[in-house]
Each structure stands twice: as C-alpha cells, then as structure tokens.
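A.B. asks: below is the sequence, then the predicted model.
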Amino acid sequence: MAEVNNRIKSTNDLELKDRLVAINRVTKVTKGGRTFSFAAIVVVGNEDGIVGWGLGKASEVTTAIAKGVEAAKKNLIKVPVHKGTIPHEQLAKFGGAQVFIKPATHGTGVKAGGAMRAVLESVGITDVLAKSKGSSNPHNLVKATIAALGELRNPFTVAQNRGVSIEKVFNG
C-alpha cells in the first residue's frame, strides 16, 4: 500500500487551540542541591481535522508549555473526520501503549480517557469509542492515538479508488 502523506505544511492560516495533556516534574541532583525542571506534553488542533503534539522542557511550567505548543505546530497531521466521527475502526501501538478507536453514532460523545480524549477532542471528533490497552503513559498514549488517526483513510478517496459511490463504501 502506498504511503499516505498527510502532514500539514503551513500553520499560518490555522486557528489552533492547545490542550495540556501532562506535566512532569523532573529533578537533577547537583553538587549545590536539587534542580527542578518541567516537561509538558501539549496537543494542538483546530477541531476540524488537524492535530499535532509536542513536548516542551524548561525550568518553568509556562515556558515548558509554550515550547510544547511550538513543537506541536511543527508536527501537524490531517485526519479525515466524517460526520463527527472517524470513517473506520483503527488499532495502533507505540511503545507499551496500544489504542483502539472505533466510530460511534451521533450523540454517543467521546468515550475515551485522559490523554486520548485530549487528542480526539483537538481533532474535532465528537462521537467515538476508544480503548487503551497496555501502558497508560501519557507520552506513549498520545503518540499511539496520533498514529492511529494518521492511518485513517478518507472515505471519499476509498470510494474513488474502488470506483463506487460513497454510500457503497459505508454500507458494504
């Protein structure tokens, strides 16, 4: 199967909203005592099919978040959202985290926890069922969720490739 390139080239015209997923305080022990610094995982998205994640590290929380947002803007992908949900179910793995996302009917809501919820809401998905298996590490969960979203195929492209109508793609 051909590699799908769904990276976004320019962020100038996008209205991106950022969501903080996790902050981790880390300590470095030096001769003069302990030095604290922070690592922040941030997810940005326009709630209309574009999402990205970033990791920022700094000695202050606000600086770490700002760095995370800048890193996330360089890391955007386009996700096919069809009527508020995803076009098909998808399984993805990153490290010890495994995620499974499945389309849901209108009115279901986002049935996902923690790090997965932040990613799915930033994309603009309103109805989805999600399950995380394995590690609950926010770093790996965010990366696995974005990997799963990146592997989703656009139903219009699938219909065009198969030479059938869009209704036939969804109804079998």
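C.D. replies: Everything's here; your move. Numbers count the residues shown, from 1 in each chain.
A.B. asks: list the buried residues in the strand or helix carrying residue 20.
C.D. replies: Assigned by DSSP states H and E, residue 20 falls within strand 17-30. By neighbour count on 16 or more other Cβ atoms under 10 Å, the buried set for strand 17-30 is 18, 19, 21, 22, 23. (C-beta placed from N, C-alpha, C; glycine too.)
A.B. asks: show me what that strand is packed up against.
C.D. replies: Counting contacts by 3 or more Cβ pairs under 8 Å, 6 or more residues apart in numbering; DSSP states H and E, strand 17-30 is packed against strand 33-45, helix 61-73, helix 114-123, helix 138-150.
A.B. asks: can you dump the C-alpha atoms of the shortest one in CSV for me?
C.D. replies: In CSV, the C-alpha atoms belonging to helix 114-123 read as follows (Å, rounded to 0.1, in the frame of the first residue of the first chain):
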residue,chain,number,x,y,z
GLY,A,114,-7.2,11.1,29.7
ALA,A,115,-4.5,11.6,27.0
MET,A,116,-6.7,10.0,24.3
ARG,A,117,-9.6,12.3,25.0
ALA,A,118,-7.4,15.4,24.6
VAL,A,119,-6.2,14.3,21.2
LEU,A,120,-9.6,13.2,19.9
GLU,A,121,-11.3,16.5,21.0
SER,A,122,-8.5,18.6,19.5
VAL,A,123,-9.1,16.9,16.1
